[in-house]
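Participant: Build the 3D model from these lines:
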Amino acid sequence: MARTPTRRPPTSCPVCNARLAVTRLTCPSCETELSGAFASCEFCVLSDEDREVLRVFLASRGNMKELERHLGVSYPTARTRFDTLLAKLGIERTPVPPAASRLELMEQVARGEIDVDEALKRLESQ
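Facilitator: The predicted model follows:
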């Protein structure tokens with residue numbers, strides 16, 4: 001027997017694109033209804049595929065190589081998929097400046113061309 005895919009409610013308003021709030025819950029057994037403002041699950045915005053990526057990542061204790069193997073893709077592709085998942089959850093990954101630019105900034109500090117505060121500011125803006 002074919003499994004019916006789980007239907008997920010919309011997460012954003014079709015008129016203004018703001019996040020929708022859960023305000024009504026219904027018991028399918030006795031048809032009791034509750035109304036109010038309920039907190040929604042932050043993971044509810046994820047597709048089934050995204051949830052699987054998250055499950056594998058957590059089960060492997062954050063091992064990206066294991067995620068790569070599970071997905072059957074290259075490491076950069078697995079990393080991109082995970083970064084996309086983080087973005088959907090509103091978790092922004094702070095990019096690490098390339099080693100060359102960090103080394104260059106340290107050399108500029110050593111030569112006295114910029115001070116430490118300026119170097120830190122530049123690192124944060126990269």
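
Participant: Can you say which helix or strand has the spatially most central residue of the chain in it?
Facilitator: With distances taken as CA atoms, centre = their mean, the residue of the chain nearest its centroid is Leu86 (0.9 Å). Using DSSP states H and E, Leu86 sits in helix 75-88.

Participant: Let me see the mean pLDDT of that helix.
Facilitator: Here helix 75-88 scores 85 as its mean pLDDT.

Participant: Check the average confidence over the following helix or strand past it, would you?
Facilitator: Proceeding N to C from helix 75-88, the next assigned helix or strand is helix 99-111, under DSSP H and E. For helix 99-111, mean pLDDT is 79.

Participant: Torsion angles phi and psi at the nearest residue to Val22 once chain neighbours are set aside?
Facilitator: In space, and not counting its chain neighbours, Val22 is closest to Phe38: 4.3 Å by CB to CB, 6 or more residues apart in numbering. Quick note: C-beta positions are derived from backbone N, CA and C, even for glycine. Backbone torsions for Phe38, taken as degrees, to the nearest 10, come to phi -110, psi 140.

Participant: give the contact list for Phe38.
Facilitator: 21-23, 25 (CB atoms under 8 Å, 6 or more residues apart in numbering).

Participant: ok, those residues vs Ile114, which is closest?
Facilitator: The nearest member of these to Ile114, counting by CB to CB, is Ala21 at 48.2 Å.

Participant: Which residue comes closest to Tyr10 once chain neighbours are left out?
Facilitator: Not Tyr; residue 10 is Pro. Nearest in space to Pro10, with sequence neighbours left out and distances taken as CB to CB, 6+ apart, is Leu20 at 6.3 Å.

Participant: just for the protein, where's the confidence low?
Facilitator: Scanning the chain for pLDDT under 70 picks out 1-6, 93-100, 125-126.

Participant: That concludes my questions; thank you for your assistance.
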